[in-house]
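A.B. asks: no sequence on hand, only this structure:
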């Protein structure tokens, strides 16, 4: 089975005769819990994610789309081939899924551009390799699949080791350059079809909204600790999601400039989500975190669609491929799709139960009503942590942001030991990396985990947070506003806000 990933077979040469051939552009997003981007269920936070909010008004937004898995090696074939692997034994390569997004387009006469990251569903005679063998295997191994069996990762130490191995041999930064290549490939014409599997907002969380890189050890993002530590990691993920939002907007603008937007089929969908709440597994789906892991963003702008609409009934991501056949006017073979799979626009009864396949646990079933209930709680949780417009206000007291700390009677300076003090000695604002991720130990003086703390950069309030307790000390994990930094020496201080 490994050969299916290493040496995918050439595409079948039987031509298809689609009734229509609109330009096709698809963004496959990775590890994006849709609860993170909504102000309340069914309403995207337009302040933080303006391009996704705009897309929801220009496309059909399937608000209750559900993935059947927590892993790309299962979720991607579900989306791109219309078949749900029942376990991770079937590798995500084209021989095992001969009728998939890429092969159908190629046989329909399209010029196909495919840039995958983990899977190898596009045959190599259709899509030239965009990644080396070593990096592809590294991603497969650290995404919970090892030559037909899940990797046993029973504890935090093994998760950390897997993350360090991944980041050493296949670092994730470079996604911005992959979007650059994708945008350049968008062409005018009816026979173009493009797919980019962009590893955003997937760990490591390194991108700021403007595309610069933030400091920090990405391996820690594989582990969830106390709630206020998780909040700091959620900040990182949301900032990276804001960068993703900007890139989605960039792709759409390029399509409009090329004159292909109106007649195109545009799809933006995530393979799965992730949990950002203390006490729950981050990636492995369990009956307790399905509201985080299974709901995924799914937007389809159909050819000639004049205005946006919402579809609220629960649907499976496996419904995407039959919808794709429907748009092209193709009739799939009996073997091409799972027997029960139907178009998203069919009159099939709403999905009432999901069979969940997880790479690190036993399969289980969950009612979609329970997924929706947990999803609403996840949305509420995110907005309780970051209720203000600014993502840099994680500890309340948003009125202090941007204000000088000198002379503020409500602020008491705390002793702070930074984990990376040397980062602030000689900051270069033009450098690709900024030291905005603030971690370290603060003095215990009068602190509780509910204390509001101000992060001051150069005597200006650049963010707020709350501490978390670890090994008898109080620590902070938070992001400071990049605009507070200056070239050269910078001073970072922590203040407690008195009640």
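C.D. replies: Structure's in. What do you need? In this text, all values refer to a predicted model and were calculated from it rather than measured experimentally.
A.B. asks: what ranges of the stretch 151-300 of the chain fall below the confidence cut-off?
C.D. replies: 151-173, 188-190, 217-225 (pLDDT under 70).
A.B. asks: show me the helices in it, by range?
C.D. replies: Counting by DSSP state H, counting those that start in this stretch, one finds helices in the stretch 151-300 of the chain at the ranges 156-169, 175-185, 227-257, 290-293.
A.B. asks: for those helices, give me a markdown table that also has distance to residue 368.
C.D. replies: Using the backbone N, CA and C atoms, a C-beta is placed for each residue, glycine as well. As requested, the helices of the stretch 151-300 of the chain are exported to a markdown table (distance: least, CB to CB, whole Å):
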| stretch | distance to residue 368 |
| --- | --- |
| helix 156-169 | 29 |
| helix 175-185 | 32 |
| helix 227-257 | 25 |
| helix 290-293 | 9 |
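A.B. asks: please enumerate the helices of the stretch 1-150 of the chain.
C.D. replies: Ranges of helices in the stretch 1-150 of the chain, per DSSP H, counting those that start in this stretch, are 3-6, 50-58, 72-81, 101-107, 133-142.
A.B. asks: just to revisit the earlier point, and the helices of the stretch 151-300 of the chain, which is most packed in?
C.D. replies: Of all these, helix 290-293 has the most neighbours on average by mean count of other CB atoms under 10 Å, namely a mean of 28.
A.B. asks: starting at the chain centroid, how far to that helix?
C.D. replies: Centre-to-centre, helix 290-293 and its host chain are 13 Å apart (CA atoms, centre = their mean, to the nearest Å).
A.B. asks: who touches that helix?
C.D. replies: With contacts defined as CB atoms under 8 Å, 6 or more residues apart in numbering, helix 290-293 is touched by 33, 35, 67, 70, 272-277, 280, 283-285, 354, 356, 366, 370-378.
A.B. asks: sorry, back to before: do you know which of the helices of the stretch 151-300 of the chain lies nearest residue 416?
C.D. replies: helix 227-257 (14.9 Å; CB to CB).
A.B. asks: what residue ranges in the stretch 1-150 of the chain score low on pLDDT?
C.D. replies: 1-13, 88-91, 129-150.
A.B. asks: 90 instead, please
C.D. replies: 1-14, 84-96, 117-120, 124-125, 127-150 (pLDDT under 90).
A.B. asks: next one: the stretch 301-450 of the chain
C.D. replies: Along the stretch 301-450 of the chain, segments meeting pLDDT under 90 span 333-341, 347-350, 358-362, 387-390, 407, 432, 444-446.
A.B. asks: please enumerate the helices of it.
C.D. replies: 320-328, 368-385.
A.B. asks: just want the angle from the longest one to helix 227-257.
C.D. replies: Direction vectors for helix 368-385 and helix 227-257, defined by axes from the mean of the first three to the mean of the last three CA atoms, to 10 degrees, enclose an angle of 100 degrees.
A.B. asks: in helix 368-385, what's buried?
C.D. replies: Within helix 368-385, the residues scored as buried using 16 or more other CB atoms under 10 Å are 368, 371-372, 374-376, 378-379, 381-383, 385.
A.B. asks: what's the answer for stretch 28-45, then?
C.D. replies: 28-39, 41, 44-45.
A.B. asks: what about that stretch, distance to the chain center?
C.D. replies: Distance, stretch centre to chain centre, for stretch 28-45: 10 Å (CA atoms, centre = their mean).
A.B. asks: over to stretch 370-385?
C.D. replies: On CA atoms, centre = their mean, the centre of stretch 370-385 falls 17 Å from that of its chain.
A.B. asks: find the nearest non-adjacent residue to residue 451, please.
C.D. replies: Excluding its sequence neighbours, the residue lying closest to residue 451 (CB to CB, 6 or more residues apart in numbering) is residue 496, at 5.7 Å.
A.B. asks: mind pulling up the pLDDT for that neighbour?
C.D. replies: Residue 496 is assigned a predicted lDDT (pLDDT) of 96.
A.B. asks: that one - that's part of a strand, no?
C.D. replies: Yes - counting by DSSP: H, G, I helix; E, B strand; the rest coil, residue 496 is part of a strand.
A.B. asks: pull the number of nearby residues for residue 110.
C.D. replies: 22 (other CB atoms under 10 Å).
A.B. asks: which non-adjacent residue is nearest it?
C.D. replies: If the residues on either side of it in the chain are set aside, residue 110 comes closest to residue 193, at 4.1 Å by CB to CB, 6+ apart.
A.B. asks: contacting residues for the one you found?
C.D. replies: 23-25, 105, 110-113.
A.B. asks: can I assume residue 331 is in contact with residue 322?
C.D. replies: No - if you go by CB atoms under 8 Å, residue 331 and residue 322 don't touch, sitting 10.4 Å apart.
A.B. asks: who's more crowded, the two?
C.D. replies: Using other CB under 10 Å, the more surrounded residue of residue 331 and residue 322 is residue 322, with 21 against 9.
A.B. asks: confirm for me that that one is in contact with residue 338.
C.D. replies: No - using CB under 8 Å, residue 322 is not in contact with residue 338; the gap is 9.3 Å.
A.B. asks: name the residues contacting each of those two.
C.D. replies: Joint contacts of residue 322 and residue 338 (CB under 8 Å, 6+ apart) are residue 82.
A.B. asks: all strands for the stretch 351-499 of the chain, in order.
C.D. replies: Under the criterion DSSP state E, counting those that start in this stretch, strands of the stretch 351-499 of the chain are mapped to 353-356, 364-367, 411-414, 416-418, 433-434, 437-442, 453-457, 460-465, 468-470, 473-479, 492-497.
A.B. asks: can you list those strands in CSV and add mean neighbour count?
C.D. replies: CSV is the format used below for the strands of the stretch 351-499 of the chain (neighbours: other CB atoms under 10 Å):
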stretch, mean neighbour count
strand 353-356, 18
strand 364-367, 14
strand 411-414, 18
strand 416-418, 16
strand 433-434, 18
strand 437-442, 21
strand 453-457, 27
strand 460-465, 25
strand 468-470, 16
strand 473-479, 23
strand 492-497, 20
